[in-house]
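In: Provided below are the primary sequence and the corresponding predicted coordinates.
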Amino acid sequence: MEHSVLFYCVKCEQLKTMEQAGLLFRTGYYRVLYPLGCCVHCEIATRSV
Ligand SMILES: [Zn+2]
């Protein structure tokens, strides 16, 4: 399990791979191991608003 390649999307509320990361937050981690962020899909959805 390579947790370093995963991040936690705060919109989807689930872990996703870095390949799907649209935005990563530098502050805050999910369960210490995973950086918080926003996946590409959610970022696009946010922009369209
Ligand atoms: Zn997402």
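Out: Now that the structure is in, tell me what you want to look at.

In: Enumerate the residues of the chain near the ion.
Out: 9, 11-12, 39, 42 (CB under 5 Å from the ion). All C-beta atoms are positioned from the backbone trio N, CA, C, and that covers glycine.

In: For the residues you listed, I'd like a selection string for ChimeraX - just the buried members, please.
Out: Of these, the buried ones go into a single ChimeraX selection, burial set by 16 or more other CB atoms under 10 Å:
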select :9,39,42
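
In: Determine the number of other residues adjacent to the residue lying closest to Tyr29 once chain neighbours are set aside.
Out: Leaving out its chain neighbours, the residue that sits closest to Tyr29 by CB to CB, 6 or more residues apart in numbering is Pro35, at 5.8 Å. Burial measure for Pro35: 17 neighbouring residues, criterion other CB atoms under 10 Å.

In: Are we agreed that Pro35 is in a helix?
Out: No. Assessed with DSSP: H, G, I helix; E, B strand; the rest coil, Pro35 is strand; it does not lie in a helix.

In: Now for it: which residues touch it?
Out: 7-8, 24-26, 28-29 (CB atoms under 8 Å, 6 or more residues apart in numbering).

In: Dump those to TSV, plus distance to Met18 and neighbour count.
Out: Conversion of the contacts of Pro35 to TSV gives the following (distance: CB to CB, whole Å; neighbours: other CB atoms under 10 Å):
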residue	distance to Met18	neighbour count
Phe7	6	25
Tyr8	11	22
Leu24	8	12
Phe25	13	13
Arg26	14	7
Gly28	16	10
Tyr29	14	12
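
In: Sort out for me which of the residues you listed are in strands.
Out: Of these, the ones assigned to strands by DSSP state E are 7-8, 24-26, 28-29.

In: Point out where this structure drops to low pLDDT.
Out: The chain contains residues with pLDDT under 70 at 1-4, 49.

In: Can you pick out the most distant pair from the contacts of Pro35?
Out: Farthest-apart pair in those is Tyr8 and Arg26; separation 13.7 Å (CB to CB).

In: and Arg31, what are its phi and psi?
Out: Per-residue torsions, Arg31: phi 50, psi 40 (degrees, to the nearest 10).

In: I'd like the distance between the nearest residue in space to it that is not next to it in sequence and Gly22.
Out: Spatial nearest neighbour of Arg31, chain neighbours left out: Tyr8 (7.9 Å); criterion: CB to CB, 6+ apart. For Tyr8, the distance to Gly22 equals 13 Å [CB to CB, to the nearest Å].
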